[in-house]
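**Student:** Predicted model and sequence follow; I will ask about them next.
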Amino acid sequence: MDLSILYENLGKFEWYHLVMILIGCLLIYLAIKKEMEPTLLLPMGFGTILVNIPGSEALTGPISELYHAGIANELFPLLLFIGIGAMIDFGPLLSNPKLMLFGAAAQFGIFFTLCMAAMFFGDMDAASIAIIGAADGPTSIAVANALNSQYVGAITVAAYSYMALVPIIQPPVIKALTTKKERLIRMPYEQKSVSKLTRILFPILITIVVSAFVPQATALIGFLMFGNLIRECGVLERLSETAQNALANLVTIFLGISVAFNMTGEKFLKVDTLLIMGLGLIAFIVDTAGGVLFAKFLNLFMKKKINPMIGAAGISAFPMSGRIVHKMGLQEDPQNFLLMHSIGVNVSGQIASVIAGGIILKIFGGM
Amino acid sequence: MMKMFELFRAALTAQTAAAEETAKMFFEPGRFLEMLRYMGVGMLIIFVLIGIIILATLAINKVFSKSK
């Protein structure tokens, strides 16, 4: 018997396979050691290793099947949205609905990045890259897939990496755009009771309003709000628990490992990928700046001043962004508690980012 | 059988060539200005929709605030 069958596959390794395996190991390292979005980066990292073994049966078999069954048709991101919706408490937002304006302002990074990306890429790819600024993994994956972008892998890596890096990206931008005096502005939280009926009607209302104007966002907003309705209705405790834990965890595993379908060396190791990572960073920075500058703009007309740092929480990355703003407030003044405001803005960013995704689909989906 | 295989390979080659064609990067600074209208329209729609949601939320808050 010819023993070459033992090592014949080793000769098929190319440099890009090895680089991608190293990238896979790096993602696993970041997930475990640095705890950067471990639920997604670890499956993605391991999936990257699986698909970059020459002749990998995993690539042509299960990962390809999972990709086409759950990502190419946008099913996994939508199922994950049910879990995310079930995790979100809209209470702070319902107490002060005006906070939603900051969520809208913080989507500026998406459209600025669209203009930037259009200088280098075609319309569909530029729009898909821009949606990294939604700071929301499922929306990024769903939009990039719907627009048939070939950069889904790079876009997903950029979106999740920068979400994990929000504690590093946001503080310098916030500090650069605010004065110490502004960062010291106190915003006492007035506890307002929100009725159960309001909590139940809110997800239904959002779904109807957003879908009526931007039907392309119906699935995204609908699944998010469906999850929230399960949470708030009060009669589906078990389903709410399942959506928040079992469903979200299961889908995250499949999502992470099947996103790796696009992480083969041939597709990933290009100058384009580096450019996409750069554009993604710009999107996050401009999102943050958009929220902060909008708060400063509102302060020009308001008697009761807003701490402009809360504008930065409008970037969807939930709940990291809200917590960062709260921590920064405490660093400036240990008695300044911004958490309820910043979390309110943060969940509004979740809604606004889905609307932005729908708008991008409405504009570019029909082209 | 061989003919079918050849046809399949030709189709695959054409598809790959098409994918490579669309994958081409370029540098056209003028497109930044072209896309500005989408920025304007996109941000306008977001603010209008969020405005509607805020008004509707304030309304349901007011109507149902008693039924705690």
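**Tutor:** Perfect, I can see it now. Numbers count the residues shown, from 1 in each chain, chains lettered A, B, ... in the order given.

**Student:** alpha carbons only for contacts and neighbour counts from here, please
**Tutor:** Fine.

**Student:** tally of neighbours for A:Asn245?
**Tutor:** Neighbours of A:Asn245 under the rule other C-alpha atoms under 10 Å in any protein chain shown: 15.

**Student:** And B:Gln15, what's its pLDDT?
**Tutor:** As predicted, B:Gln15 sits at a pLDDT of 45.

**Student:** in stretch B:40-47, what counts as buried?
**Tutor:** By neighbour count on 16 or more other C-alpha atoms under 10 Å in any protein chain shown, the buried set for stretch B:40-47 is B:42-43, B:45-47.

**Student:** Out of these, the closest to A:Ile360 would be?
**Tutor:** B:Gly42 (7.7 Å; C-alpha to C-alpha).

**Student:** Helix, strand, or coil at the closest one?
**Tutor:** helix (DSSP: H, G, I helix; E, B strand; the rest coil).

**Student:** Where does pLDDT dip in the stretch 251-367 of chain A?
**Tutor:** A:366-367 (pLDDT under 70).

**Student:** can you pull out the helices in it?
**Tutor:** A:265-268, A:271-299, A:320-332, A:339-364 (DSSP state H, counting those that start in this stretch).

**Student:** Next: chain B.
**Tutor:** B:2-22, B:30-64 (DSSP state H).

**Student:** ok, back up a step: and the helices of the stretch 251-367 of chain A: which comes nearest chain B?
**Tutor:** Checking these against chain B by C-alpha to the nearest C-alpha gives helix A:339-364 as the closest, at 6.4 Å.

**Student:** Return the member of the helices of chain B having the minimum mean pLDDT.
**Tutor:** helix B:2-22 (a mean of 49).

**Student:** Give me the nearest residue to A:Ala243, chain neighbours excluded.
**Tutor:** A:Gly83 (4.5 Å; C-alpha to C-alpha, 6 or more residues apart in numbering or on different chains).

**Student:** And A:Trp69, what's its pLDDT?
**Tutor:** One thing to correct before we go on: residue A:69 is Ala, not Trp. On the pLDDT scale, A:Ala69 gets 91.

**Student:** and it, helix, strand or coil?
**Tutor:** helix.

**Student:** so what's it closest to, chain neighbours aside?
**Tutor:** A:Leu75 (7.6 Å).

**Student:** what's around residue 57, how many residues?
**Tutor:** Since no chain was named, I'll use chain A. 13.

**Student:** The intended chain is chain B.
**Tutor:** 24.

**Student:** And the residue nearest to B:Leu49 when sequence neighbours are not counted, what's its pLDDT?
**Tutor:** In this structure, B:Leu49 finds its nearest non-sequential neighbour in A:Val210, 7.0 Å apart by C-alpha to C-alpha, 6+ apart. Predicted confidence (pLDDT) for A:Val210: 93.

**Student:** sec struct for A:Val210, please.
**Tutor:** Strictly by three-state DSSP, A:Val210 counts as helix.

**Student:** isn't it right next to A:Gly222, touching?
**Tutor:** No - using C-alpha atoms under 8 Å, A:Val210 is not in contact with A:Gly222; the gap is 9.0 Å.

**Student:** quick one: contacts for A:Val286?
**Tutor:** A:106, A:108-109, A:112 (C-alpha atoms under 8 Å, 6 or more residues apart in numbering or on different chains).

**Student:** got it, and A:Gly109?
**Tutor:** A:130, A:133, A:282-288, A:290.

**Student:** Of those residues, which is the most crowded?
**Tutor:** Neighbour max across the contacts of A:Gly109 (other C-alpha under 10 Å) = A:Gly133, 39 neighbours.

**Student:** For stretch B:31-41, C-alpha coordinates in PDB please.
**Tutor:** Taking Å, rounded to 0.1, in the frame of the first residue of the first chain, the C-alpha atoms of stretch B:31-41 are listed here in PDB:
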ATOM      1  CA  ARG B  31     -18.800  59.000  -6.100                       C
ATOM      2  CA  PHE B  32     -18.600  60.500  -2.600                       C
ATOM      3  CA  LEU B  33     -20.600  63.500  -3.700                       C
ATOM      4  CA  GLU B  34     -23.000  61.300  -5.800                       C
ATOM      5  CA  MET B  35     -23.900  59.300  -2.600                       C
ATOM      6  CA  LEU B  36     -24.500  62.400  -0.500                       C
ATOM      7  CA  ARG B  37     -28.100  62.500  -1.600                       C
ATOM      8  CA  TYR B  38     -28.600  59.000  -0.200                       C
ATOM      9  CA  MET B  39     -27.100  60.300   3.100                       C
ATOM     10  CA  GLY B  40     -29.600  63.200   3.100                       C
ATOM     11  CA  VAL B  41     -32.600  61.000   2.200                       C
END
